[in-house]
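Visitor: I need the structure of the sequence given here:
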Amino acid sequence: MSPIKAPRGTKDTFSPEINSWQLIERISSEVLELANYKEIRTPIFEHSELYTKSLGQVTDVVQKEMYSFQDRSERNLTLRPEGTAGVIRSFIEHKLYVNPLPYRVWYCGPMFRYERPQAGRQRQFHQLGLECIGILDPRIDAEIINLALNVLENLKIPNLSLEINSLGSSETRTYYKEALYNYFNNYISDLDTESQMRLQNNPLRLLDSKDTKIKALLEEAPSLLDFLDNDSQIHFNLVCQYLNSLSIRYTINPLLVRGLDYYNKTTFEIKSSSLGSQDTLCGGGRYDGLIQSLGGPELPAIGWAMGIERLLLSIPTNNQNIANLDCYIITLGEKAKILAFSILNQLRNSNLKVDISFYDSNIQKQIRRANQLNATTCIIIGDEEIQKEIVVLKWLKIQKQEEVSLNKLDNVAYKILSS
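Guide: As a prediction, this is how the structure comes out:
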């Protein structure tokens, strides 16, 4: 009988890779909490209507990628494909808008989309994201972009670049979609079937097409920035000014629209050229109309999300913070096992990462095991050490050892933590 394997597009995560996950979670939590963003945890599945209303009926996510099902009560449910909609649903349901604004939250957890699995992209994937609700001020736009860069820079991810754009108001996009439709309709025979469908349903989706023919046509296509209303233009100019004040370099990319219908005004992506063609690490923007469309008050909002799997590919190997073992305890004889068990607990209470040998092999094999675990030191206890009321402390990297009295084990913890 063949062993059962994990479903295609899912992945087990364990040591040593889990150390990189923990590094991402720790650094992002520290950066975002310092900026007064509080963690939120929403359900992994929601009513399907939440996503069809918020993401847009003609988006690839809704049409092709959602994991939707009926439960035993015949309710239509969907495993969450992204984090924003659930946060907004929670904000509205619990009437959090009655509290002082802005409402600042961050989240980290699994999402689900039916896509072709590849490096950095799985069907169960994980996102780190934040949302800021209730403030229209362009300083918030610059703040969340800066926070995203802070997270990535603290992870020491190289070759970062920022692209920004403005999608303007809903009226802006209506006029621009019409102009874009008229332009591409002249080249309808050059478009493949999928691109023709996009042209009919939402011409903006052509802007991020990977098709080489469409990319060439876009060079002469109308620019979204030429259609911006006055308010959107002022807002975008101020965002750029605030980014300048933070010495953040950026490129204005008029083709940047993102893949979901709820975006308006500021939109942005942060990329790393070290990743190749799949180079986007973070994407986000404003979604000022989403809360009202889902039954809440008319409030502006902005956010971003990062794919954890993509971050894992970007973190330098020497920055993955592999967690070493501080001490490995080796015992020789039954009496030593009893004494070592109490020493193990004592050292762990002193904040040392300690493990103990459960094997009766000879001392050289046990020392070899300590080296395999990348331990800094090992403590050796045998009958002779018990009689002398000492332990042998061996420093594995420099191959030196010393005797330490049992009543001075606190010195062992201090020495190891200071090394």
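Visitor: when you work out contacts or count neighbours from here on, use the C-alpha atoms and nothing else.
Guide: Will do.
Visitor: residue ranges in the protein under the pLDDT threshold?
Guide: Along the chain, the model assigns pLDDT under 70 to residues 57-58, 259-260, 277, 317-323.
Visitor: so how far is stretch 71-85 off the chain centroid?
Guide: Offset of stretch 71-85 from its chain centre (Cα atoms, centre = their mean, to the nearest Å): 21 Å.
Visitor: so which bits of it are buried?
Guide: Under the neighbour-count criterion of 16 or more other Cα atoms under 10 Å, stretch 71-85 has 77-85 buried.
Visitor: just name the closest of those residues to residue 121, please.
Guide: Closest approach between those and residue 121, by Cα to Cα: residue 81, at 12.9 Å.
Visitor: helix, strand or coil: sort out that closest one for me.
Guide: Assigned with DSSP: H, G, I helix; E, B strand; the rest coil, residue 81 falls in the coil class.
Visitor: ok, now how distant is it from residue 188?
Guide: Using Cα to Cα, to the nearest Å, residue 81 is found at 32 Å from residue 188.
Visitor: ok, residue 245 next?
Guide: Per Cα to Cα, residue 245 is found 44 Å from residue 188.
Visitor: same thing with residue 230?
Guide: 32 Å.
Visitor: ditto for residue 371
Guide: Counting by Cα to Cα, the gap from residue 371 to residue 188 is 66 Å.
Visitor: more neighbours, these two?
Guide: Between residue 371 and residue 188, residue 371 has the larger neighbour count (other Cα atoms under 10 Å), namely 17 against 14.
Visitor: show me which positions of the helix or strand where that one lies end up buried.
Guide: Per DSSP states H and E: residue 371 is located in helix 363-372. Neighbour counts over helix 363-372 (16+ other Cα under 10 Å) mark 366-367, 370-371 as buried.
Visitor: would TSV of the buried residues of stretch 71-85 with distance to residue 226 be doable?
Guide: Output for the buried residues of stretch 71-85, formatted as TSV (distance: Cα to Cα, whole Å):
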residue	distance to residue 226
77	41
78	38
79	39
80	36
81	33
82	31
83	32
84	29
85	30
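Visitor: farthest-separated two in those residues?
Guide: Among the buried residues of stretch 71-85, 77 and 84 lie farthest apart (Cα to Cα), at 16.6 Å.
Visitor: can you pull out the helices in the stretch 251-400 of the chain?
Guide: Under the criterion DSSP state H, counting those that start in this stretch, the stretch 251-400 of the chain carries helices at the ranges 290-293, 308-314, 334-349, 363-372, 383-388.
Visitor: of the ones you listed, flag the one that's most buried.
Guide: Counting by mean count of other Cα atoms under 10 Å, helix 308-314 has the highest mean neighbour count of the helices of the stretch 251-400 of the chain, with a mean of 20.
Visitor: now it: how far from the chain's centre is it?
Guide: For helix 308-314, the distance to the chain centre is 8 Å (Cα atoms, centre = their mean).
Visitor: may I have it as CSV, with CA atoms only?
Guide: Taking Å, rounded to 0.1, in the frame of the first residue of the first chain, the C-alpha atoms of helix 308-314 are listed here in CSV:
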residue,chain,number,x,y,z
ILE,A,308,5.4,34.3,3.0
GLU,A,309,6.6,31.5,0.6
ARG,A,310,8.0,34.2,-1.7
LEU,A,311,9.8,35.8,1.2
LEU,A,312,11.4,32.5,2.1
LEU,A,313,13.0,32.4,-1.3
SER,A,314,14.3,35.9,-0.8
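Visitor: quick one: residues in contact with it.
Guide: Applying Cα atoms under 8 Å, 6 or more residues apart in numbering, the contact partners of helix 308-314 are 20-21, 24, 119-121, 125-128, 157-158, 272, 274-275, 281.
Visitor: sitting in strands, which of these do you find?
Guide: When the contacts of helix 308-314 are checked against strands (DSSP state E), the matches are 125-128, 272, 281.
Visitor: now tell me what touches stretch 251-265 from outside.
Guide: Here stretch 251-265 makes contact (Cα under 8 Å, 6+ apart) with 54-56, 59-60, 162-170, 204-205, 207-208, 223-225, 232, 236, 267-268, 283-290.
Visitor: in contact with residue 39, which residues?
Guide: Residue 39 neighbours (Cα under 8 Å, 6+ apart): 105-107.
Visitor: that older thread, residue 411: which of the ones in strands among the contacts of helix 308-314 is nearest?
Guide: Distance to residue 411 across the ones in strands among the contacts of helix 308-314 (Cα to Cα) is lowest for residue 128, with 41.1 Å.
Visitor: quick one: that closest one from residue 111, how far?
Guide: According to Cα to Cα, residue 128 and residue 111 sit 10 Å apart.
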